[in-house]
Structures are given as C-alpha cells and as structure tokens.
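*Asks:* this one's structure only:
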C-alpha cells in the first residue's frame, strides 16, 4: 500500500465514513468539507496517523494547511517519515 492509501484508511476508520473515503482523490478538500471532520476529529486523526506510521506529531505541526486536502495531509506524513 502507498502512503496515500494508508492515510485514506486512517481517515476512513477515524471518521467512520465507510466507503465514501475510497473515492477521495488527492485534491479532495478535508477539514471543513467533510461534516465528520471537525476540530475534535483532528485529534483522533493525528493519533491514528501517529499509530499507523509510527511518527510523532507536535502541536505546532497541526495547521489548517496540513488538513486542507488528502494530498497535503499525505505530504505532511511523508515529511514526518523522512524526518
């Protein structure tokens, strides 16, 4: 599996949106566009990504830009993986 597929799966599991996440392409807006993806869900998504990828996300890392699209979130995870 690719990083984007794993990120999509984490989103699907955390947000409990079923198969709707499968149709997300890299440019699909996330935060503010998916009703289930609110500020409380951000914390759960971060925890899920930390567990899935064995990364550490600091509070300073969290921004609207990171959670703007599936692509921006995937690129963030990829940067964490090489850090």
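*Replies:* Yes, it's here. Everything numeric in this text was worked out from a predicted model, so none of it was measured.
*Asks:* now do the helices in this structure.
*Replies:* 3-15, 39-53, 70-82 (DSSP state H).
*Asks:* buried sites along the last one?
*Replies:* Buried positions in helix 70-82, judged by neighbour count with 16 or more other Cβ atoms under 10 Å: 70-77, 80. Quick note: C-beta positions are derived from backbone N, CA and C, even for glycine.
*Asks:* for this protein, give me the ranges with low pLDDT.
*Replies:* Low-confidence segments of the chain (pLDDT under 70): 19-22.
*Asks:* which non-adjacent residue is nearest residue 53?
*Replies:* Spatial nearest neighbour of residue 53, excluding adjacent residues (Cβ to Cβ, 6 or more residues apart in numbering): residue 77 at 5.8 Å.
*Asks:* again but with residue 16, I slipped
*Replies:* Residue nearest to residue 16 in three dimensions, not counting chain neighbours: residue 36, with 7.0 Å by Cβ to Cβ, 6+ apart.
*Asks:* for the one you found, list the residues it contacts.
*Replies:* 15-17 (Cβ atoms under 8 Å, 6 or more residues apart in numbering).
*Asks:* which among these end up buried?
*Replies:* Neighbour counting over the contacts of residue 36 (16+ other Cβ under 10 Å) leaves 15, 17 as the buried ones.
*Asks:* export the contacts of residue 36 to CSV and append columns for distance to residue 52.
*Replies:* As requested, the contacts of residue 36 are arranged in CSV below (distance: Cβ to Cβ, whole Å):
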residue, distance to residue 52
15, 14
16, 16
17, 17
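*Asks:* of the contacts of residue 36, closest to residue 23?
*Replies:* Minimum distance to residue 23 across these is 10.5 Å, recorded for residue 17 (Cβ to Cβ).
*Asks:* so the closest one sits against residue 34, correct?
*Replies:* Yes: the criterion here is Cβ atoms under 8 Å, and residue 17 meets it with residue 34 at 7.0 Å.
*Asks:* mind listing what's buried along stretch 47-55?
*Replies:* Along stretch 47-55, these residues count as buried under the neighbour rule (16+ other Cβ under 10 Å): 48-49, 53, 55.
*Asks:* quick one: stretch 56-63 to chain centroid distance?
*Replies:* How far stretch 56-63 lies from its chain's middle: 12 Å, per Cα atoms, centre = their mean, to the nearest Å.
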